[in-house]
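Need coordinates for the following:
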Amino acid sequence: QVQLQESGPGLVKPSQTLSLTCTVSGGSIKTRNYWWSCSRQAPGKGLEWMGAIAYSGTTEYSPSLKSSAAISRDTSKNQVTLQLNSVTPEDTAVYYCTRGMGGSGYQQDSWGQGTQVTVSS
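You can find the predicted model right below:
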């Protein structure tokens, strides 16, 4: 059974770059047809899909993030990394890593526990 574990800094100052890592165990991030998504839920708001990286390395992003987000992978470590540039307090949220057969709009079948990120000076 695949397991996903998010890790991050916890607290980030405004204008800094946020880097979150999703470590996958029990399955390879190169397994055909799977996509690995990053999502977040801000206080009092719904879940927001941010972007995803496919088994092939192809990426796609939410248009709402413009060019502020980047998702990459380290296949040797079986990890997916999200970088979010120039964060603001509005980026405070619980961040999740998930697995599905696609990115936005696809049902996700595995979830990490989530990691809280607070943006504050």
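
Tell me where the chain has strands.
3-7, 11-12, 18-25, 35-41, 47-54, 59-61, 69-74, 79-84, 93-100, 108-111, 115-119 (DSSP state E).

now for the shortest one, which elements pack on it?
Same thing as strand 11-12. strand 115-119 (3 or more CB pairs under 8 Å, 6 or more residues apart in numbering; DSSP states H and E). Every residue, glycine included, has its C-beta placed from N, CA and C.

now do the last one
In terms of contact count using 3+ CB pairs under 8 Å, 6+ apart, strand 115-119 is assigned the packing partners strand 11-12, strand 18-25, strand 93-100.

For those, state which one has the densest average packing.
strand 93-100 (a mean of 22; mean count of other CB atoms under 10 Å).

Now do that strand against strand 18-25: the angle between them, please.
With axes from the mean of the first three to the mean of the last three CA atoms, to 10 degrees defining the directions, strand 93-100 sits at 40 degrees from strand 18-25.

Which residue lies nearest the spatial centre of this structure?
Centroid-nearest residue in the chain, with CA atoms, centre = their mean: residue 38, separated by 2.4 Å.

Could you report the distance from that residue to residue 80?
7 Å (CB to CB, to the nearest Å).

Need the residues touching each of those two.
22, 71, 97 (CB atoms under 8 Å, 6 or more residues apart in numbering).

Now flag whichever of the residues you listed is closest to residue 28.
Residue 28 has its nearest neighbour among the shared contacts of residue 38 and residue 80 in residue 22, at 13.4 Å by CB to CB.

and the closest one, how far is that from residue 40?
Counting by CB to CB - residue 22 and residue 40 are separated by 13 Å.

try residue 58
On the measure of CB to CB, residue 58 and residue 40 end up 21 Å apart.

Comparing those two, which residue is more hemmed in?
residue 40 (21 against 10; other CB atoms under 10 Å).

Show me the shaky parts of this protein.
For the chain, applying pLDDT under 70 flags the ranges 66.
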